[in-house]
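K.L.:
one predicted model, sequence on top.
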Amino acid sequence: MLRRLTRRRAAGTAVAGALAVAGVGLVALAPAAHAGTVNATVRCTPPIVAPMEGPQDITVELTPATVASGGLVHAAVTLGPSPATSPIALSDIPMTPSITLAMHGAATGQVTVTGPTTLIDVPAGQPITAPPYAGDFTVPPGVTGGIDFTIVSMNTQTDLSSMGLGIQNTPCSLTAGGDVTVASVTVEGSTGENPTLNVGAPAAHTGTDIALTGANFAAGATASLTLCQTDGTGCVASAFTAKTIAIDASGKLTGTATLAKSGIPDGDYLVQVTDGAKAATAPLHVSTFVPVGDPVLTLDRGSGAVGTVVNVSGSNLPPNSTIRLNGVNAQGGTESGSKNYVTNGDGVLAPSPYTIQTAGTTGVRVRLLDVAGSPQYVLPFTISADLRQTPTVTLAAGPLTMTQAGDAINFGSATLNGTAQTLTANLNQVTVTDSRGGNLGWSLTGTMTDLVAANGTDKIPAGNIAWTPSCAAAPGSLSSVTNGTPGPLGTSAATLCAQAPDPAAATGGEFTADAGLTLTTPAFAAAGTYTGTLTLSLI
């Protein structure tokens, strides 16, 4: 039987039980159906001690009151004190209860509902009371009408491994009261087109992923996934350790789920997906991969220098097991720096990297840690001799050059009005390239002539033009560049940009030189077009 353990404390024990088809509680979506309490005479057979018999109240509540054919019913079970007692006090005992109900009326047969595993305390010599629990089951498809439920039996599974007794069952039969209806539901029509579920492959190993697809689920609903016995009972969610399944807006189901690595006995099961109202199942055979013969192990390369990263791959290995890699030397000693990896549920070790540690390495040891005796296998590896080559290159010094984006500067025009006016323009960008490969500096300067009218006589002094330098070094340049001082131009050289020499480091790179220019017109001057020359020098 599949079991799941939820770390939850509850007062109660392992001798009174109830519920199995799905051990998860779902919120009821409709008023409760007929619910009642049966005052039964119960005979329980606990482990070790003699059978015990006596009265016990058993309450079963089913919701919703009306369910569609093939729909889900939620069952809540509350148990009174059991006739069973324990001769000794027990603490933190994992207990899984279940109850089997018989159907009468529109449907016949039995359903078993299993509750979640809880940790209980059992007082010595006192009637044992199990905590309330709940679960779901599916009414048979294709039936309509009323279904009455009577109690057939109860069972409690307890894990007494801490006492050296392993897993024990406490079956309880009803010697009186088993013919009394404890709850009922009414089945009306169907839920529409029944959902379908498909599993990617009919068989899978524990610890591996299975692909799931389906249709006709409630649009956008949350999908719940369980693994059930082939009769639809004993459904548990803990059989899957991860899932990505989802139902889209059209009711289609897609995704994958990972089977637990342990706790699932080999056999045939049903994968069940519910959307909160309807359920669909698909058969699946689950087994633990058992390797036959020796493992198959490979190294992606058999030689290399120290520091080489090799990849170890394998198959036919113990599933879900730890594999340790170590380098070994000619004397059989292992080297430090081991690496651990885990095989998948199919016994496959994906390519797993290991770095060759020393010049004495003669192989990579693969050790199966989770197998008795930790068998080991050595994959040969040869350290190859190092070969060295010395590349050289000579870089010759290049020039110091400059280019400009244009040679015309136009300040536009102004109308004389008896006051000085300010006009603006931009220097055409200059690019300086220093490829000399040394630690030299450079300076970019400018001189300005007077602006002379077309008649050759009237002038605007050169000092009426001023600049504001703005320089930048391009990415990858070895040195920085400094802006010149803003101010008027004239026959004396004014610095636009400069790179300082650096005796401690190489200089050079590509640099851009820009400047904003202003021209102040005289208050009174002859009308006309004035032209001058700005000379840039790189030294």
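P.N.:
In hand now; what should we look at?
K.L.:
just for the stretch 1-150 of the chain, where's the confidence low?
P.N.:
Scanning the stretch 1-150 of the chain for pLDDT under 70 picks out 1-34.
K.L.:
so where do the strands sit in it?
P.N.:
5-11, 19-20, 34-44, 52-63, 66-69, 72-79, 90-105, 109-114, 117-122, 133-138, 145-159 (DSSP state E, counting those that start in this stretch).
K.L.:
closest one to residue 217 among the ones you listed?
P.N.:
Of all the strands of the stretch 1-150 of the chain, it is strand 72-79 that lies closest to residue 217, at 12.4 Å by C-beta to C-beta. (Glycine included, C-beta is placed from N, CA and C.)
K.L.:
export the strands of the stretch 1-150 of the chain to CSV and tack on distance to residue 443 and mean neighbour count?
P.N.:
Formatted as CSV, the strands of the stretch 1-150 of the chain follow (distance: least, C-beta to C-beta, whole Å; neighbours: other C-beta atoms under 10 Å):
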stretch, distance to residue 443, mean neighbour count
strand 5-11, 79, 12
strand 19-20, 92, 30
strand 34-44, 99, 19
strand 52-63, 92, 20
strand 66-69, 92, 19
strand 72-79, 88, 24
strand 90-105, 86, 21
strand 109-114, 90, 23
strand 117-122, 85, 20
strand 133-138, 88, 25
strand 145-159, 89, 21
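K.L.:
of these, which approaches residue 444 most closely?
P.N.:
strand 5-11 (77.3 Å).
K.L.:
right, and the strands of the stretch 1-150 of the chain - which one's nearest residue 246?
P.N.:
strand 72-79 (19.2 Å).
K.L.:
residue 458 and residue 527 touch, don't they?
P.N.:
No - applying C-beta atoms under 8 Å as the test, residue 458 and residue 527 come out as separate, 9.0 Å apart.
K.L.:
comparing the two, which shows the higher neighbour count?
P.N.:
residue 458 (15 against 8; other C-beta atoms under 10 Å).
K.L.:
where does the residue lying closest to residue 220 once chain neighbours are set aside sit: helix, strand or coil?
P.N.:
With sequence-adjacent residues excluded and distances taken as C-beta to C-beta, 6 or more residues apart in numbering, residue 220 is closest to residue 249, at 5.5 Å. Secondary structure, DSSP: H, G, I helix; E, B strand; the rest coil: residue 249 is coil.
K.L.:
okay, residue 249: pLDDT?
P.N.:
At residue 249, the model reports a pLDDT of 81.
K.L.:
just give me the neighbour total for it.
P.N.:
When neighbours are counted by other C-beta under 10 Å, residue 249 comes out with 7.
K.L.:
that one contacts residue 219, correct?
P.N.:
Yes - counting by C-beta under 8 Å, residue 219 is a contact partner of residue 249 at 5.2 Å.
K.L.:
if I pick residue 44, what's in contact with it?
P.N.:
Counting by C-beta atoms under 8 Å, 6 or more residues apart in numbering, residue 44 makes contact with 15-16, 51-53, 82-84, 170-172.
K.L.:
list the buried residues of stretch 350-361.
P.N.:
Residues 352, 354, 356-357, 361 are the ones in stretch 350-361 that count as buried (16 or more other C-beta atoms under 10 Å).
K.L.:
secondary structure and distance to residue 177 for these - can I get that in TSV?
P.N.:
Below are the buried residues of stretch 350-361 laid out as TSV (DSSP: H, G, I helix; E, B strand; the rest coil; distance: C-beta to C-beta, whole Å):
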residue	secondary structure	distance to residue 177
352	strand	61
354	strand	67
356	coil	74
357	coil	73
361	strand	75
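K.L.:
going by distance to residue 233, which of these wins?
P.N.:
residue 352 (41.4 Å).
K.L.:
check whether that closest one really touches residue 340, as I assumed.
P.N.:
No - taking contacts as C-beta under 8 Å, residue 352 lies outside contact range of residue 340: 9.2 Å.
K.L.:
list residues touching both of those two?
P.N.:
Common neighbours of residue 352 and residue 340 (C-beta under 8 Å, 6+ apart) are 323, 325.
K.L.:
which residues touch residue 353?
P.N.:
Contacts of residue 353 (C-beta under 8 Å, 6+ apart): 309-311, 339.
K.L.:
got CSV for these, with pLDDT and neighbour count too?
P.N.:
Output for the contacts of residue 353, formatted as CSV (pLDDT from 0 to 100; neighbours: other C-beta atoms under 10 Å):
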residue, pLDDT, neighbour count
309, 94, 11
310, 94, 21
311, 96, 13
339, 93, 14
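K.L.:
CSV for these, including distance to residue 178 and secondary structure?
P.N.:
Shown next, in CSV, are these (distance: C-beta to C-beta, whole Å; DSSP: H, G, I helix; E, B strand; the rest coil):
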residue, distance to residue 178, secondary structure
309, 69, strand
310, 68, strand
311, 64, strand
339, 61, strand
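K.L.:
out of those residues, which comes closest to residue 74?
P.N.:
residue 339 (49.2 Å).
K.L.:
so that closest one touches residue 322, yeah?
P.N.:
No - if you go by C-beta under 8 Å, residue 339 and residue 322 don't touch, sitting 10.9 Å apart.
K.L.:
quick one on the thing from earlier: just curious, which of the contacts of residue 353 is nearest to residue 116?
P.N.:
residue 339 (38.7 Å).
K.L.:
residues in contact with the residue nearest to the closest one when sequence neighbours are not counted?
P.N.:
Excluding the flanking residues, the one nearest residue 339 by C-beta to C-beta, 6+ apart is residue 325, at 4.7 Å. Each residue near residue 325 by C-beta under 8 Å, 6+ apart is listed here: 312, 338-341, 352, 354, 364-367.
K.L.:
could you rerun that using 7 Å?
P.N.:
By C-beta atoms under 7 Å, 6 or more residues apart in numbering, residue 325 lies in contact with 312, 338-339, 352, 354, 364, 366.
K.L.:
and it, how far is that from residue 371?
P.N.:
Remark: distance between residue 325 and residue 371 (C-beta to C-beta, to the nearest Å) = 15 Å.
K.L.:
same question, residue 518
P.N.:
87 Å.
K.L.:
go on, residue 152?
P.N.:
Distance from residue 152 to residue 371, by C-beta to C-beta: 44 Å.
K.L.:
repeat that for residue 313.
P.N.:
On the measure of C-beta to C-beta, residue 313 and residue 371 end up 18 Å apart.
K.L.:
cool, residue 203 as well?
P.N.:
For residue 203 relative to residue 371 (C-beta to C-beta), the value is 24 Å.
K.L.:
helix or strand: which one has the residue nearest to residue 502 when sequence neighbours are not counted?
P.N.:
Distances taken as C-beta to C-beta, 6+ apart place residue 439 nearest to residue 502, at 5.1 Å, with adjacent residues excluded. Assigned by DSSP states H and E, residue 439 belongs to no helix or strand.
K.L.:
for stretch 485-505, give the mean pLDDT please.
P.N.:
pLDDT averaged over stretch 485-505 gives 95.
K.L.:
end to end on that stretch, go ahead and measure it.
P.N.:
26 Å (C-alpha to C-alpha, to the nearest Å).
K.L.:
got a list of contacts for it?
P.N.:
434, 439-448, 462-463, 465-469, 471, 479, 481-484, 507, 511, 513, 515, 536-537.
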